[in-house]
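Q: With the sequence up front, the predicted model follows.
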Amino acid sequence: MDRIEINRAKWFKGEFSPTPDKSISHRAIIFSSLSEGKSVIQNFLKAEDPISTVNAFRVLGVDIDDKADGVIVSGCGIHGLKEPHNVIDCGNSGTTIRMLSGVLSGNLFFSVLTGDKSLRGRPMARVVTPLRQMGAQIMARADDRYPPLAIRGRKLKPIRYDMPFASAQVKSAIILAGLYADGTTEIREPARSRDHTERMLPAFGAEITVDGLSVRVRGGKELRGTEVYVPGDFSSAAFFIVGALLIGDSDITIKGVGINPTRTGLLDALKEMGATIEIDNIRTLSGEPVADINCKGGAELTAIAITKEKIPALIDEFPILCVAATQAKGTTTIRGAEELRVKESDRIRSMATELRKMGAEIEEFEDGLSIRGRSELKGAFIESYGDHRIAMATAMAGLIADGTTTINGVSAVNISFPGFFEIIRRLAS
């Protein structure tokens, strides 16, 4: 059965390396596929979402060789992709479908992108609008709001685009389309979203400049293959960081974690709450800052307020932050997070519903939650909604709850973190 039982743990002890970074794994495949020559991607995440990106580029004619320690990509160059013979299935991956839409907008053939039931309900107008301004011919279901997307590639023109909200996926889709435009495309964000695309693409030869909240890319440049090392995924490490803080006399070290500042808003939030977290052995790998993170339990957490400007740097950590908030003294508020309504599930509603089952006191807003701590959580039957981050966050809640917590739909964790429950069993007592 697709469910698991979780019981209270006494502590987390030991060390481990998290899964490779999902966002960086996607980008490494995309940029390598569009480059001339071979690229070697070490420590690639072999989970369902990045594999959707691998499969998509294989359908487009790219030779991607799966090795034990990573993948080797024989790139086709910017203009070397081939028209697919069938619809491209992006699975559950919003990153795949949105970034690929930018690529295919500049390739002079016809393609159709779709995905699973969850992906077909996620908003696409946010990428369709700017890509059409660049000259792309795109159609989508329900007045261009949802997948499938039908794209007939055309010659693109550069634009200056003011994004209505911060989104790394949308920004990256426009950057990729900008590679096919004659001239310079500029994207301006209202707040800084994750910047893995801006960090990695120059290593492949792209001309990208960043000036505050503006990103510029010059089109017409060929890319060249290179080597990429994918660091550990901070979003995967986040569940164990919070778990260690909440579970008794815990002491764990998480090795080789990416600490890109556009991703680590959770660390800032937890430290503000009073958490004991140490960052050691800081270094740089493939343009990304990496470190070891040590977390100890026992500190008393206090409530904080998370405002809209802080959301982009902790967007994926919202579910586990909610669990931490149930154990913080006072009332934690998280606002400006309406984007979470359109993730793999409605994460605001999902976390409010499931944590209430466990005894948490939560008030739901359109753009966030108010969570009153400290709550004595109790085991319950939990629904994951097919959302990997809901499943993993509620598993950590189950480790501090009285009684047994049963989580339904745990196969969703394979989207980003195969082996998640095995690490729990290894660290927990």
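A: Happy to help now that I have it. These figures come from a predicted structure and were not determined experimentally.
Q: Which parts of the stretch 51-200 of the chain are strands?
A: 63-67, 70-76, 88-89, 110-114, 137-140, 146-152, 160-162, 184-188 (DSSP state E, counting those that start in this stretch).
Q: Tyr229: which of those is closest?
A: strand 70-76 (8.7 Å; Cβ to Cβ). Any C-beta I mention is one placed from the backbone N, CA and C, and that applies to glycine too.
Q: who does the closest one touch, helix- and strand-wise?
A: Under the contact definition 3 or more Cβ pairs under 8 Å, 6 or more residues apart in numbering; DSSP states H and E, strand 70-76 sits against helix 22-33, strand 35-42, strand 63-67.
Q: Considering these, which stretch scores lowest in mean pLDDT?
A: Lowest mean pLDDT of the helices and strands packed on strand 70-76: strand 63-67, a mean of 94.
Q: highest average neighbour count across the helices and strands packed on strand 70-76?
A: Most buried of the helices and strands packed on strand 70-76, by mean neighbour count (mean count of other Cβ atoms under 10 Å): helix 22-33, with a mean of 28.
Q: can you state the direction angle for that one and strand 63-67?
A: 130 degrees (axes from the mean of the first three to the mean of the last three Cα atoms, to 10 degrees).
Q: Now do helix 22-33 and strand 70-76, the angle between them.
A: 40 degrees.
Q: any idea how far helix 22-33 is from the chain center?
A: Centroid displacement of helix 22-33 relative to its chain, using Cα atoms, centre = their mean, to the nearest Å, is 13 Å.
Q: would you put the C-alpha positions of that helix in CSV?
A: Listed next in CSV are the C-alpha coordinates belonging to helix 22-33 (Å, rounded to 0.1, in the frame of the first residue of the first chain):
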residue,chain,number,x,y,z
LYS,A,22,16.6,19.1,-8.0
SER,A,23,16.6,22.6,-9.4
ILE,A,24,20.3,22.4,-10.5
SER,A,25,19.9,18.9,-11.9
HIS,A,26,17.1,20.2,-14.2
ARG,A,27,19.2,23.1,-15.4
ALA,A,28,22.3,21.0,-16.0
ILE,A,29,20.4,18.7,-18.3
ILE,A,30,18.7,21.6,-20.2
PHE,A,31,21.9,23.6,-20.7
SER,A,32,24.0,20.6,-21.6
SER,A,33,21.4,19.5,-24.2
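Q: and it, what does it pack onto?
A: Using 3+ Cβ pairs under 8 Å, 6+ apart: helix 22-33 touches strand 35-42, helix 48-59, strand 70-76, helix 94-105, helix 168-178, helix 196-200, strand 227-229.
Q: Among the helices and strands packed on strand 70-76, which comes closest to Pro130?
A: Of all those, helix 22-33 comes closest under Cβ to Cβ, at 17.8 Å.
Q: Among the strands of the stretch 51-200 of the chain, which comes closest to Phe365?
A: Nearest of the strands of the stretch 51-200 of the chain (Cβ to Cβ): strand 146-152, 24.9 Å.
Q: Could you give the number of residues near the residue nearest to Leu113 when sequence neighbours are not counted?
A: Excluding its sequence neighbours, the residue lying closest to Leu113 (Cβ to Cβ, 6 or more residues apart in numbering) is Leu149, at 4.5 Å. Leu149: 27 surrounding residues under other Cβ atoms under 10 Å.
Q: Quick check: bridge partners of Leu149?
A: Taking DSSP bridges as the rule, Leu149 bridges to Leu113, Ala140.
Q: quick one, which of the helices and strands packed on helix 22-33 is nearest to Thr129?
A: helix 168-178 (9.3 Å).
Q: For the closest one, list the C-alpha coordinates in CSV.
A: Extracted in CSV, the C-alpha atoms of helix 168-178 (Å, rounded to 0.1, in the frame of the first residue of the first chain):
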residue,chain,number,x,y,z
ALA,A,168,12.7,31.3,-11.0
GLN,A,169,10.9,29.0,-13.5
VAL,A,170,9.3,31.9,-15.4
LYS,A,171,12.5,33.9,-15.3
SER,A,172,14.5,30.9,-16.6
ALA,A,173,12.0,30.3,-19.4
ILE,A,174,12.4,33.8,-20.7
ILE,A,175,16.2,33.6,-20.4
LEU,A,176,16.2,30.4,-22.4
ALA,A,177,14.0,32.0,-25.1
GLY,A,178,16.4,35.0,-25.0
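Q: helices and strands around it, which ones?
A: Partner elements for helix 168-178 (3+ Cβ pairs under 8 Å, 6+ apart): helix 22-33, helix 94-105, helix 125-133, strand 184-188, helix 196-200, strand 214-218.
Q: how about these in a markdown table, adding distance to Thr394?
A: Shown next, in a markdown table, are the helices and strands packed on helix 168-178 (distance: least, Cβ to Cβ, whole Å):
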| stretch | distance to Thr394 |
| --- | --- |
| helix 22-33 | 20 |
| helix 94-105 | 21 |
| helix 125-133 | 29 |
| strand 184-188 | 36 |
| helix 196-200 | 28 |
| strand 214-218 | 36 |
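Q: What is the linear distance spanned by stretch 86-103 between its boundary residues?
A: Terminal residues of stretch 86-103 lie 17 Å apart, using Cα to Cα, to the nearest Å.
Q: buried sites along it?
A: 88-103 (16 or more other Cβ atoms under 10 Å).
Q: For Phe44, which of the strands of the stretch 51-200 of the chain is the nearest?
A: Going by Cβ to Cβ, the one of these nearest Phe44 is strand 70-76, 4.7 Å.
Q: got the angle for the closest one vs helix 48-59?
A: 30 degrees.
Q: Which residues does strand 70-76 contact?
A: 29, 32-44, 54, 57, 60-65, 82, 223, 225, 230 (Cβ atoms under 8 Å, 6 or more residues apart in numbering).
Q: Try it again at 7 Å.
A: Here strand 70-76 makes contact (Cβ atoms under 7 Å, 6 or more residues apart in numbering) with 29, 32-44, 61-65, 225.
Q: Need the residues that contact stretch 381-399.
A: Against stretch 381-399 from outside (Cβ under 7 Å, 6+ apart): 6, 8-9, 118, 239, 242-243, 247, 316, 319-320, 322-323, 344-345, 347, 350-351, 354-355, 357-358, 377, 379, 405-410, 412-413, 415-417, 420, 424, 428.
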